[in-house]
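>>> Here is a sequence with its predicted model. Questions after.
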Amino acid sequence: SQQGEEDPQALSIQEGENATMNCSYKTSINNLQWYRQNSGRGLVHLILIRSNEREKHSGRLRVTLDTSKKSSSLLITASRAADTASYFCATEGRLTSGSRLTFGEGTQLTVNP
Amino acid sequence: NAGVTQTPKFQVLKTGQSMTLQCAQDMNHEYMSWYRQDPGMGLRLIHYSVGAGITDQGEVPNGYNVSRSTTEDFPLRLLSAAPSQTSVYFCASSPLLAGGLNEQFFGPGTRLTVL
């Protein structure tokens, strides 16, 4: 079963606005990662946040992690049309046997020019 | 570096046919994995490997075989293709570091249709 679930499934905003996507998961994790996928392409890694971190920044991206609520959020500030893509969270369970990432179903972000 | 490469980009099979999806990486990564992506389902892990000679099953391994004879290559074999295996297949790799799995490098994908 899917460990991560993104919310909302789809988000449409105007250029310049901020976009917030949320990810919830079920079990304790080692880390949580966010990926971006442009239509018809492979996934590209955006940011990794470890279970002992609460917030991380990378350029216009801000990721938060609340392990007590088992949730994470990805904020994209001052969005651009080029940010239009699907965004996925991925988790590695702390107690999972083996080394495996579990992906959520993604949020489709559309940024209108 | 070419990164992670996958061949073919597109493939159409008939039910019952077999084929191998190729994946190669030139970054000397120990960890390699295969995912399938279906509409609205996100990515699901098929098989993974933590080094040459070592493979393990993921979430949806049935109908697929893998082997890892070298660090660079991680082919995925469909034994007898079924329409339910119509999907986009992604290969990924990463170094194995302490503290868990890190950034995964993805290939461009193989779009497979089984008739």
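Structure's in. What do you need?

>>> Contact residues of chain A facing chain B?
With Cβ under 8 Å from any Cβ of the partner chain as the criterion, chain A comes near chain B at residues A:2, A:30-31, A:33, A:35, A:41-45, A:48, A:50, A:88, A:90, A:92, A:98-106. From N, CA and C alone the C-beta is placed, and that goes for glycine too.

>>> could you redo the last one with a cut-off of 7 Å?
A:2, A:30-31, A:41-43, A:45, A:48, A:50, A:88, A:92, A:98-101, A:103-106 (Cβ under 7 Å from any Cβ of the partner chain).

>>> Contacts only, for B:Thr110.
B:Thr110 is in contact with B:Gln6, B:Pro8, B:Lys9, B:Gln11, B:Leu21, B:Tyr89, counting by Cβ atoms under 7 Å, 6 or more residues apart in numbering or on different chains.

>>> Dihedrals phi and psi, B:Gly99?
Torsion angles at B:Gly99 (phi, psi; degrees, to the nearest 10) stand at phi 90, psi 10.

>>> er, A:Gly59 I mean
phi 60, psi -120.

>>> before we move on, back to that, ok, of the contacts of B:Thr110, which come out buried?
Among those, those scoring as buried are B:Gln6, B:Gln11, B:Leu21, B:Tyr89 (criterion: 16 or more other Cβ atoms under 10 Å in any protein chain shown).

>>> out of those residues, which one sits closest to chain A?
B:Gln6 (8.5 Å; Cβ to the nearest Cβ).

>>> So for the closest one, what pLDDT did the model give?
B:Gln6 carries a pLDDT value of 98.

>>> again with B:Met41
Reading off the confidence values, B:Met41 has pLDDT 75.

>>> got a list of what it touches?
A:Glu105.

>>> Please list the residues outside the helix or strand hosting B:Leu21 that contact it.
Using DSSP states H and E, B:Leu21 sits in strand B:19-25. Defining contact as Cβ under 7 Å, 6+ apart, one finds that strand B:19-25 is touched by B:3-7, B:11, B:13, B:32, B:72-78, B:81, B:89, B:91, B:93, B:107, B:110.

>>> mind listing what's buried in it?
Of the residues in strand B:19-25, those buried (16+ other Cβ under 10 Å) are B:Leu21, B:Cys23, B:Ala24, B:Gln25.

>>> and which of those residues is nearest to chain A?
Taking the buried residues of strand B:19-25 together and measuring to chain A by Cβ to the nearest Cβ, the closest member is B:Cys23, at 11.5 Å.

>>> For beta bridges, what are the partners of the nearest residue to the closest one once chain neighbours are set aside?
Spatial nearest neighbour of B:Cys23, excluding adjacent residues (Cβ to Cβ, 6 or more residues apart in numbering or on different chains): B:Cys91 at 3.4 Å. Taking DSSP bridges, one obtains B:Trp34 as the residues bridged to B:Cys91.

>>> I'd assumed B:Phe105 was in contact with B:Cys91.
No. Here B:Cys91 does not reach B:Phe105: they are 9.4 Å apart, not a contact under Cβ atoms under 7 Å.

>>> Counting neighbours, go ahead and name the busier of these two.
B:Cys91 (28 against 21; other Cβ atoms under 10 Å in any protein chain shown).
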